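S.K.: got a structure for you, letters missing:
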């Protein structure tokens, strides 16, 4: 038995206990099951999987989407919790706040009405190597908290919250195999396809097996370039393969593509991206780049192919030309819905709605992409990225709102944006409209994470050093918190100091 299957076997034992507890309590509750989830693609996928599974069992439910699960939100939930008799499920957050949840929602000793399904490091845990602490938390909370780290599974790359929800849905009814495609959507939303050629690792490989076996997902090879940038820019600014004479030169790359007979504008005058190319055009580009790199770099074509070709995951039940046939695009659509306060659209689409709601979502995605490009252009044209010794940061000011600050920060890291220094983590800072606080979204390139950078740990330590009574954390490459406006300078300086210590270690 593979390690992943052995770990899944252990996980399923606890999921079965959670399922039985939930079913036993359903007989006693008098209000729908309350599902609280995050607004990103993994969060919406998680909520949709649970919603669909409960719907199939004729169990009433309500899905509530939150921008973050903060102390103030937990206190609000506590009030309704005390006044109702229901089951409360937290997914894609909860582990990083489990002590507050335990304090506010479980003070009466009832261990059956709260369930956490989360893939983030549990509160007080700095890194996955803190095995003794993780085991202690597991023993104390196993009856109501499911977390991959309890089973030696890395929640940042091996399974997302959508994956955990899928396995609970599968425990509930094995006919829920088709929901595996939504679990894959959540995993891609959290950039968990980090294996060779953007393949999956750990439990995600087993979920993909279910998705392929049940006929809902197919896997194809494709070019490893950004699908949202103009094609010449995508090639010129790729970090995966360096092409002397083309890299960082969009004009020469444009001429290169034109020499292959690739049209760079569609019939409406829009600049074409990788997604706009047909199979023959992609084959032309692939062959030309392999030949070009072989000559310029004097390396074997097989080595180039390893970096040039990636796995793409396609939804077989979607129409061939559908905007969401590629799961990466589906994930982007869900993320757009969540981050533009249209989470209900995303949930409905993930649960299978393809009528009016889907049409509305396409307009949402269009506006979302515009806001992302507008934000990036503003950042770069005005050189808003500031530097400290060990970190870099930027303020969104009146241009980049809280709901997209995390996405913009991720794009700065993963899209090889000029002006970025990927040897340092970057902190995006956006003023919250209804509070005198900044929302912080931090990201780090995988190269420096492998060198010891842990943003989840760094943010928690910086909050303590800054005397901030706030929750913070996430994963080593991606984490966040909120900081009072008058504390932002000291917080950033403490982040700089903590990251410096991590680098020295």
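M.R.: Arrived safely, thanks for sending. Every value quoted in this text rests on a predicted model; they were computed, and no experiment measured them.

S.K.: can you give me the strands for the stretch 251-400 of the chain?
M.R.: For the stretch 251-400 of the chain, strands defined by DSSP state E, counting those that start in this stretch occupy the ranges 309-315, 386-387, 392-395.

S.K.: From residue 16, how far out is residue 220?
M.R.: Separation of residue 220 from residue 16 (Cβ to Cβ, to the nearest Å) stands at 35 Å. Glycine gets a C-beta too; all of them are placed from N, C-alpha and C.

S.K.: likewise residue 277?
M.R.: In this structure, residue 277 and residue 16 are separated by 46 Å, where distance is defined by Cβ to Cβ.

S.K.: Please say which of the two ends up with more neighbours.
M.R.: Residue environment comparison for residue 277 versus residue 16 gives the larger neighbour count to residue 277, 20 against 13, counting by other Cβ atoms under 10 Å.

S.K.: Sketch out the low-pLDDT regions of the stretch 1-150 of the chain for me.
M.R.: Confidence mapping of the stretch 1-150 of the chain against pLDDT under 70 gives the ranges 1, 107-112.

S.K.: just the stretch 301-450 of the chain next, same as before
M.R.: Scanning the stretch 301-450 of the chain residue by residue, the ranges that satisfy pLDDT under 70 are 321, 415-419.

S.K.: if I read this right, residue 125 contacts residue 135, doesn't it?
M.R.: No: taking Cβ atoms under 8 Å as the contact criterion, residue 125 and residue 135 are not neighbours in contact, 10.7 Å apart.

S.K.: hang on, residue 339 packs against residue 405?
M.R.: No: the criterion here is Cβ under 8 Å, and residue 339 misses it with residue 405 at 9.5 Å.

S.K.: Phi and psi next, for the residue sitting nearest the centre point of the chain.
M.R.: For the chain, the residue lying nearest the average C-alpha position, counting by Cα atoms, centre = their mean, turns out to be residue 190 (2.2 Å). With angles defined as degrees, to the nearest 10, residue 190 shows backbone torsions of phi -100, psi 20.

S.K.: and what of the one 5 residues further on?
M.R.: Torsion angles at residue 195 (phi, psi; degrees, to the nearest 10) stand at phi -80, psi -180.

S.K.: Now do the SS call for the closest residue to it other than its chain neighbours.
M.R.: Here the nearest residue to residue 195 in space, its sequence neighbours aside, is residue 201; by Cβ to Cβ, 6 or more residues apart in numbering that works out to 4.9 Å. Assigned with DSSP: H, G, I helix; E, B strand; the rest coil, residue 201 falls in the coil class.

S.K.: ok, back up a step: would you mind listing the residues touching both of residue 339 and residue 405?
M.R.: Taking Cβ atoms under 8 Å, 6 or more residues apart in numbering as the contact criterion, no residue touches both residue 339 and residue 405.

S.K.: Just the buried positions in the helix or strand where residue 25 lies, please.
M.R.: Per DSSP states H and E: residue 25 is located in helix 3-26. Under the neighbour-count criterion of 16 or more other Cβ atoms under 10 Å, helix 3-26 has 4, 7, 8, 11, 12, 14, 15, 18, 19, 21, 22, 25 buried.

S.K.: What is the burial count for residue 270?
M.R.: A count of neighbours around residue 270, defined by other Cβ under 10 Å, yields 11.

S.K.: measure it to residue 230 for me?
M.R.: When distance is defined by Cβ to Cβ, residue 270 is 9 Å away from residue 230.

S.K.: Contacts only, for the residue nearest to the centre of the chain.
M.R.: Under the criterion of Cβ under 8 Å, 6+ apart, the contact partners of residue 190 comprise 40, 41, 42, 119, 160.

S.K.: tell me the domain ranges of the protein?
M.R.: What the record gives for the chain is the domain set 3-214, 223-315, 382-504, from automatic domain parsing.

S.K.: and the longest one, how far apart are its ends?
M.R.: Its start and end residues considered, domain 3-214 measures 23 Å (Cα to Cα, to the nearest Å).

S.K.: Show me what counts as buried in the longest helix along the chain.
M.R.: Taking residue count as the measure and DSSP state H as the definition, the longest helix of the chain comes out as helix 356-381. Going by neighbour count (16+ other Cβ under 10 Å), the buried part of helix 356-381 is 357, 358, 361, 364, 365, 368, 371, 372, 375, 376, 378, 379.

S.K.: Could you check how far the third one is from residue 218?
M.R.: In this view, residue 361 and residue 218 are 23 Å apart by Cβ to Cβ.

S.K.: and what of the first one?
M.R.: Distance check for residue 357 against residue 218: by Cβ to Cβ, it reads 25 Å.

S.K.: all helices of the stretch 101-250 of the chain, in order?
M.R.: In chain order, the stretch 101-250 of the chain shows helices spanning 131-141, 161-172, 180-189, 203-213, 231-236, 250-259, with DSSP state H, counting those that start in this stretch as the criterion.

S.K.: So what's the gap between the fifth one and the chain middle?
M.R.: Translated: helix 231-236. What separates the centre of helix 231-236 from the centre of its chain is 24 Å, taken as Cα atoms, centre = their mean, to the nearest Å.

S.K.: tell me what it is packed against?
M.R.: Applying 3 or more Cβ pairs under 8 Å, 6 or more residues apart in numbering; DSSP states H and E, we find helix 231-236 packed against helix 250-259.
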